[in-house]
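Student: kindly return the folded structure for what I paste below:
(2 chains)
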Amino acid sequence: MYDGMLAETVQITGDGGDLIAAYLARPLAPGPLPGVVIAHHMPGWDEWTKEVARHFARNGYLALCPHLFHRDAPDASPDDAAAAARANGGAPDDRVMGDLGGAVATVRALTNSNGKVAVLGHCSGGRQAYLSACRLPIDAAVDCYGGGVIMPDENLSPAMPVAPIELTPQMQAPLLGLFGNEDRFPTAEQVDQIEETLKANGKTYEIHRYDGAGHAFFCTVRPSYRVEAALDGWERIFTFLGHHLAA
Amino acid sequence: MCSYITEQPTLSGSAKGGAGWFRIQAASVYFDHPQHALDDHTLNVDLLGERPDQRLALELSAEAARALVTSIEAALAAGEASHLRSSGRS
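Tutor: Numbers count the residues shown, from 1 in each chain, chains lettered A, B, ... in the order given. Below is the predicted model:
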């Protein structure tokens, strides 16, 4: 099977019509192909997240990862931009939804798209994937250990004024959640609470938990990487997206 | 963790980073994911200038961070006492 791909940094139209950087990895195939928009983790728009995009492309997906901290430091390196975003109080949820929505539209407009697009994210991106399932017209969402889906009132801020869990009744996309039982953000108890809320609201979801894994178990360049959980997680992601993003 | 819990003191002074020397205007201090250190979580300090590339970043284990705090306190106490004596004010 031919597995050539094109991977490059492009500009896309994000929130408010702003141009922001994004990393696009796409198979060199006529399609039609499913798409996935990747919300990067809190350390930023880094090399590992771009590798995740290429992994999706190698597996037949149009993968686009917008630089969600672009505006915090337009010309700076991604790690300096992540530091600037933190100093600014974090990327505002509304802006992130605008950027991810722009990315979804960009993928759908590619000539070899099948029109079906998911949002997937790790860490803070997992929280944003959950928000996307509630706020964006997408076909599926994957939350990989997203912290802050449940937020105590004292953690709410102008940038993040609503806990995503409160928006669960509005969720319209099927959700896959992958969590480590040793994670503290979210805790196993919070994952139980998320699942109970999804169930009570009659949503389409799958939640999988991994013993011996904590936060960031997918991240191959960190000591938190857990190969068994990550390999099983990837399998579940491709099964879930294969079902929900079929043309 | 992936929290935005951050201490943000206003500081003055100078630092030298990848972009050379710059005037410090603020700092972010937080215990969260590092970019480079091989720990799950580290005590991170960003000394920030006017531009985003004016940043001096530290990622320390909790133990190293506490040792640094102790050293800073000790150096301040000894240094300030010495300089006050030498200026004839004590």
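Student: how close does A:Phe179 get to A:Phe218?
Tutor: Distance of A:Phe179 to A:Phe218, computed by Cβ to Cβ, to the nearest Å: 11 Å. (Glycine included, C-beta is placed from N, CA and C.)
Student: who has more neighbours, these two?
Tutor: When neighbours are counted by other Cβ atoms under 10 Å in any protein chain shown, A:Phe179 and A:Phe218 differ, and A:Phe179 comes out ahead with 29 against 25.
Student: confidence score at the more buried one?
Tutor: If you check A:Phe179, the pLDDT there is 98.
Student: what about the one residue in chain B that gets nearest to chain A, neighbour count?
Tutor: Here the residue of chain B nearest chain A is B:Pro52; by Cβ to the nearest Cβ that distance is 3.3 Å. For B:Pro52, the neighbour count with other Cβ under 10 Å is 22.
Student: now chain A against chain B: closest residue?
Tutor: Taking Cβ to the nearest Cβ, chain A has A:Ala73 as its residue nearest chain B, at 3.3 Å.
Student: with just CA atoms, put the one helix or strand in chain A whose mean pLDDT sits lowest into CSV.
Tutor: When each helix and strand of chain A is scored by mean pLDDT, DSSP states H and E, helix A:78-87 comes last, with a mean of 94. Written as CSV, here are the backbone C-alpha positions of helix A:78-87 (Å, rounded to 0.1, in the frame of the first residue of the first chain):
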residue,chain,number,x,y,z
PRO,A,78,6.3,27.2,20.4
ASP,A,79,7.7,26.8,23.9
ASP,A,80,8.0,30.6,24.4
ALA,A,81,4.4,30.9,23.0
ALA,A,82,3.2,28.3,25.6
ALA,A,83,4.9,30.4,28.3
ALA,A,84,3.3,33.6,27.0
ALA,A,85,-0.2,31.8,27.0
ARG,A,86,0.3,30.8,30.6
ALA,A,87,1.3,34.3,31.6
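Student: which strands and helices sit next to it?
Tutor: Applying 3 or more Cβ pairs under 8 Å, 6 or more residues apart in numbering or on different chains; DSSP states H and E, one finds that helix A:78-87 contacts strand B:26-32, strand B:42-48, strand B:55-60.
Student: thinking again about what came up before, contacting residues around the residue of chain B closest to chain A?
Tutor: Residues counted as contacts of B:Pro52 (Cβ atoms under 8 Å, 6 or more residues apart in numbering or on different chains) are A:Asp72, A:Ala73, A:Asp75, A:Ala76, A:Asp80, A:Ala81, A:Ala83, A:Ala84.
Student: which residue, neighbours along the chain excluded, lies closest to residue 7?
Tutor: Answering for chain A, as no chain was given. Leaving aside its chain neighbours, A:Ala7 sits nearest to A:Ala25 (4.1 Å; criterion: Cβ to Cβ, 6 or more residues apart in numbering or on different chains).
Student: meant chain B actually
Tutor: B:Val29 (4.2 Å).
Student: okay, how far is it across stretch A:104-117, tip to tip?
Tutor: One end of stretch A:104-117 sits 6 Å from the other (Cα to Cα, to the nearest Å).
Student: how far does that stretch sit from the chain's center?
Tutor: The chain centroid and the centroid of stretch A:104-117 are separated by 17 Å, computed with Cα atoms, centre = their mean, to the nearest Å.
Student: how about the helices in chain B?
Tutor: Ranges of helices within chain B are B:62-86, based on DSSP state H.
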